[in-house]
Each structure stands twice: as C-alpha cells, then as structure tokens.
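Participant: Predicted model and sequence below, questions to follow.
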Amino acid sequence: MQKISRRKFLKGSMVVGAGAMLAIYSDGSYRLALAQEAPAFRLRILHTNDHHARIEPVPGSDGPLHGGVARRKTLIDQVRSEETLPVLLVDAGDVFQGTLYFNLFNGQADLEFYNAMGYEAMAIGNHEFDKPQAVLADFIRNATFPVMSANIQADATSPLNGLLRPNTIIEKGGKRIGIFSLTPQDTPELAIGAFPGTGVTFNDPVATARDQVAALQAAGADYIIALTHVGITVDREIARNVSGISMIIGGHSHTPMGPMNGGEGNPPYPELIAAPDGKPVVVVTDWEWGRWLGDITVAWGDDGRVVDVQGNPTEVAPAITPDPSFENRIAVFKAQVSAFEERVIGQAAVDLEGSRSAVRARETNLGNMIADAMLAKSQSGGAQMVITNGGGIRASIPAGR
C-alpha cells in the first residue's frame, strides 16, 4: 500500500482543526484523531459495493487476478475471529449484472455467497433493476439481511410492493446503529431495456436522507450511517447538506479511494466533510468488483460526534487463500456457466467494429446490430426507433461463431 501525505489526505476534505492528529503507518494504513477525548464507542466496518456478479476473481490493473468471493470470505472470517471490537459488514449495491453468473442465476448465486458471508445490510443499486422487478423481489425475499432503499416508492402494481425497507437498526456493542439506503434517482434512465418497469418511482436522495435521519433519530438510533448507491458526488452533497449522519458508505461511481487501483490521484480513504452542524461526516467507497475489502474503524464521543477514524482497506489479492467451501460451490455454478458459454447464438461473417475510437466517433456495424436487436426486442411495447450510446459498446467481435 502507498503512504499518504497529510496534505493529500486532507485535500478536498473538511478542516479538522489544529487539535487533529494524523498517524500514517508503513503499510499505508492511518489513524486520524479528530478530538482529544476518550471515545465512547468504536465500530469496525467492512464494506463492498458494485460487486457486479464477480463471483470469480478478476484481472487486476497490473495483470494478476484478484478479488473473488472465496478470498473475500477468508478476509471477513479473519477479521471477525481476531477483532475484539464489534464488526459490521455491509454492501452498497449493484450486486446484479456483469457476468454470465447473473444471466444464468438472476443474482441467486451471488446471494448464496452473500448470505454465507454474513452481510448485515445492502443498498439497492440501479442495476438491481436490469431484469423484471420480480427478480429483485425474489432476491429480497431470499436474503438473510435487509435489502433497502428509502427513496423508491413501489405501488400496488409492483412486485416490490411491501418488500422495500427504507432503513434498519442494528445493535452492536449495546449501541443502536441506524442505517438507511438510497438508489439513483435517474435509475429509469440507467436501467437496461424496458426496465425498471412500471409501479416504481425514485425520489430525491438529499431530501430523502434528511427525512431518514429524522425517522431514525425518532426510532432511537445512537448513530446513523447512510448506505448509498448514488455515487460519490451525490454522497458529498448529502454530507454537506444533511446533519445527523456520521458516515456515508457509497457505491455507483466506481471510485477508487486511498491506495486502491494504484492510488495515484485518488481521493483519500476516507474523505471527511463537515455537515451543516459542523460535525464531521466520514465518506468511503470501495471501488468495484470485490477487488478490495473496505475496512474502517470509527469512534464516537459522548456527544455522538465522530472523534477517531482508522482506515485500512485491503486488496483481495492472489496470496489470500480462498475459502474451500466457497470454492466447492463456485465449481458447481461454474460448470453451468461454462456450458452456457459454449452455446452458439450466432455467426458473424465479418469483423464487428466496437473499438472505443470508432464507436464513440461514428456509426459502426456492431452499433447497428445492437440497435437493431434492441428495436426487435422493444417493438412489442410500441418502440419505433432505438438510440444506443457508444459508451455502452466496449469491444469488437471478430468474425466467426
């Protein structure tokens, strides 16, 4: 891990005052003490986001494979077995979409591993709407943890009606931790094809956050965490405009922080932003695809203010021994994925052009094929024309099967 200078750590964050003390260790971890007082409560939080069906390890920026739920399970179990503090494990959304594991199993394969890892709360992301709402409804029903969004309203026509929870309160070490979640307000524009479908509306996240703080305070929460899938820009907006939130754990923008993805040019892990009441809000996110395990310890003073932060995110690296029980289950799913990969769905007589330089500048045969397929799929719903953006095409397809 890289070392972080005090200047870089505090850049773009709140002014913490002359009494703050920053210690940076040789492994790149740090401790930031915001106040000279004994904490009343400490909590260690492990977090992930934008998993995107990456059950297996994925290529790293330097070549080696890293990530994978089997290695993640090893790390989580190690923390829980060694830590004397209370530990909270959460995910900030977009478990769905990204590999054939999702296409085949509709999120249920991922959910089996999430249940087994002992996740305690999850935000609903925009990609959770990439299939009909009934798929998400099944995921919520089968989860052993709350799957939440406070700014989605589902009416009686929606399969999600009666399933959406805005928040939860989890007791840790005798303290009540209030957690609420948010989903992008523009999910209808982000979701794939004709989804998210009818019967759901997505409300303003900042106004919803303010309402959720009031609701959780009224319910007796000692501390409030926003578990969001709205992107770091909106997370920062919430932190600056809503009092009463101690921490925002985010997703959606795939933002590497601190040492993640080489660390160069990243915002610090975490950012500290002053709320309207002047109290610090701790803002973190964990990049993407389970490449890293977010890991932060937060301490609160007697007045509910965050007084101490220790951050040490961990790369889910090849050297980590995968959990053998997970490896066995992955092999079962993988056999079906491998068979699915061998299915011939068509044949290209020519190379299909999908390079970034081409599709973002002009019409290509691959872009035309994709648009034609989208129109064929959506004509039954009344579509007469299709527009697809070049950014949605990421690679060319060579001639052949």
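Facilitator: Nice, thanks for sending it over.
Participant: mind checking the longest helix of this protein?
Facilitator: For the chain, the longest helix by residue count, based on DSSP state H, is helix 324-341.
Participant: Counting by contacts, list what the next helix or strand after that helix packs against.
Facilitator: Scanning forward in sequence from helix 324-341 by DSSP states H and E, the next helix or strand is helix 356-359. Contact partners of helix 356-359 among helices and strands, from 3 or more C-beta pairs under 8 Å, 6 or more residues apart in numbering; DSSP states H and E: none. (C-beta placed from N, C-alpha, C; glycine too.)
Participant: Looking at helix 356-359 now, give me its mean pLDDT.
Facilitator: Averaging pLDDT along helix 356-359 gives 90.
Participant: Low-confidence ranges, this protein, go.
Facilitator: The model of the chain has pLDDT under 70 over residues 1-31, 36, 60-62, 193-194, 401.
Participant: Would you map out the domains in it?
Facilitator: According to automatic domain parsing, the chain comprises the domains 6-315, 352-401.
Participant: Those into a markdown table, with extra columns for mean neighbour count and distance to Val344?
Facilitator: As requested, the domains of the chain are arranged in a markdown table below (neighbours: other C-beta atoms under 10 Å; distance: least, C-beta to C-beta, whole Å):
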| stretch | mean neighbour count | distance to Val344 |
| --- | --- | --- |
| domain 6-315 | 20 | 15 |
| domain 352-401 | 13 | 5 |
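Participant: how about the ones you listed in JSON lines, adding distance to Phe333?
Facilitator: As requested, the domains of the chain are exported to JSON lines (distance: least, C-beta to C-beta, whole Å):
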{"stretch": "domain 6-315", "distance to Phe333": "5"}
{"stretch": "domain 352-401", "distance to Phe333": "24"}
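Participant: So for Ile345, which of those domains sits nearest?
Facilitator: Closest of the domains of the chain to Ile345 is domain 352-401, at 8.6 Å (criterion: C-beta to C-beta).
Participant: May I ask which helix or strand encompasses Gly178?
Facilitator: strand 175-182.
Participant: For the next helix or strand after that strand, C-alpha coordinates in PDB please.
Facilitator: Next along the chain after strand 175-182, taking DSSP H and E as the criterion, comes helix 187-190. Extracted in PDB, the C-alpha atoms of helix 187-190 (Å, rounded to 0.1, in the frame of the first residue of the first chain):
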ATOM      1  CA  THR A 187     -32.500   4.700 -12.400                       C
ATOM      2  CA  PRO A 188     -35.200   4.700 -15.100                       C
ATOM      3  CA  GLU A 189     -32.700   6.300 -17.500                       C
ATOM      4  CA  LEU A 190     -29.900   4.000 -16.400                       C
END
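Participant: Can you give the contact residues for helix 187-190?
Facilitator: Helix 187-190 has contacts (C-beta atoms under 8 Å, 6 or more residues apart in numbering) with Asn126, His127, Phe129, Pro184, Pro196, Phe202.
Participant: now, which of those lie within strands?
Facilitator: Members of these lying in strands (criterion: DSSP state E): Phe202.
Participant: which one of the contacts of helix 187-190 is nearest Arg236?
Facilitator: Taking those together and measuring to Arg236 by C-beta to C-beta, the closest member is Pro184, at 14.9 Å.
Participant: Please name the nearest non-neighbouring residue to the closest one.
Facilitator: In this structure, Pro184 finds its nearest non-sequential neighbour in Asn126, 4.8 Å apart by C-beta to C-beta, 6 or more residues apart in numbering.
Participant: returning to what we had before: quick one: closest of the domains of the chain to Lys334.
Facilitator: Using C-beta to C-beta as the measure, domain 6-315 is the one of the domains of the chain that comes nearest Lys334, at 7.4 Å.
Participant: tell me how far that closest one is from the chain's mean position?
Facilitator: Offset of domain 6-315 from its chain centre (C-alpha atoms, centre = their mean, to the nearest Å): 6 Å.
Participant: Packing partners of the strand holding Gly178?
Facilitator: Other helices and strands packing on strand 175-182, by 3+ C-beta pairs under 8 Å, 6+ apart, are strand 41-48, strand 121-123, strand 147-148, strand 167-172, helix 205-218, strand 223-228.
Participant: Switch these over to TSV; also include distance to Thr297.
Facilitator: Below are these laid out as TSV (distance: least, C-beta to C-beta, whole Å):
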stretch	distance to Thr297
strand 41-48	5
strand 121-123	18
strand 147-148	23
strand 167-172	12
helix 205-218	22
strand 223-228	13
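Participant: Of these, which is nearest Pro398?
Facilitator: Ranking the helices and strands packed on strand 175-182 by proximity to Pro398 (C-beta to C-beta) places strand 41-48 first, at 34.5 Å.
Participant: what comes into contact with the helix or strand just after that closest one?
Facilitator: Where DSSP H and E defines the elements, the next helix or strand beyond strand 41-48 is strand 58-59. For strand 58-59, contacts defined as C-beta under 8 Å, 6+ apart pick out Leu65, His66, Gly67, Gly68, Trp289, Gly290, Arg291.
Participant: The fourth one against His51, yeah?
Facilitator: Looking back up the chat, that one is Gly68. No. Assessed by C-beta atoms under 8 Å, Gly68 is found out of contact with His51, at 10.8 Å.
Participant: Mutual contacts of these two, please.
Facilitator: Among the neighbours of Gly68, those also in contact with His51 (C-beta under 8 Å, 6+ apart) are Gly290.
Participant: so how far is Val230 from the closest residue to Asp204 other than its chain neighbours?
Facilitator: Leaving aside its chain neighbours, Asp204 sits nearest to Gln185 (6.1 Å; criterion: C-beta to C-beta, 6+ apart). Applying C-beta to C-beta, to the nearest Å, the value for Gln185 to Val230 is 8 Å.
Participant: list residues touching both of those two?
Facilitator: By C-beta under 8 Å, 6+ apart, Gln185 and Val230 have these common neighbours: Pro205.
Participant: that older thread, list every C-alpha atom in the longest helix of the chain, with coordinates, as PDB.
Facilitator: Taking C-alpha atoms only, helix 324-341 is exported to PDB below (Å, rounded to 0.1, in the frame of the first residue of the first chain):
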ATOM      1  CA  PRO A 324     -12.600 -24.100   0.400                       C
ATOM      2  CA  SER A 325     -16.300 -24.400   0.900                       C
ATOM      3  CA  PHE A 326     -16.900 -21.400  -1.400                       C
ATOM      4  CA  GLU A 327     -14.500 -22.900  -4.000                       C
ATOM      5  CA  ASN A 328     -16.600 -26.100  -4.000                       C
ATOM      6  CA  ARG A 329     -19.800 -24.200  -4.600                       C
ATOM      7  CA  ILE A 330     -18.300 -22.000  -7.200                       C
ATOM      8  CA  ALA A 331     -17.200 -25.100  -9.100                       C
ATOM      9  CA  VAL A 332     -20.900 -26.200  -9.200                       C
ATOM     10  CA  PHE A 333     -22.100 -22.900 -10.600                       C
ATOM     11  CA  LYS A 334     -19.000 -22.600 -12.900                       C
ATOM     12  CA  ALA A 335     -19.900 -25.900 -14.600                       C
ATOM     13  CA  GLN A 336     -23.200 -24.500 -15.700                       C
ATOM     14  CA  VAL A 337     -21.600 -21.200 -16.800                       C
ATOM     15  CA  SER A 338     -19.000 -23.000 -18.900                       C
ATOM     16  CA  ALA A 339     -21.700 -25.000 -20.600                       C
ATOM     17  CA  PHE A 340     -23.700 -21.800 -21.300                       C
ATOM     18  CA  GLU A 341     -20.500 -20.100 -22.700                       C
END
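Participant: Many thanks, I have nothing further to ask.
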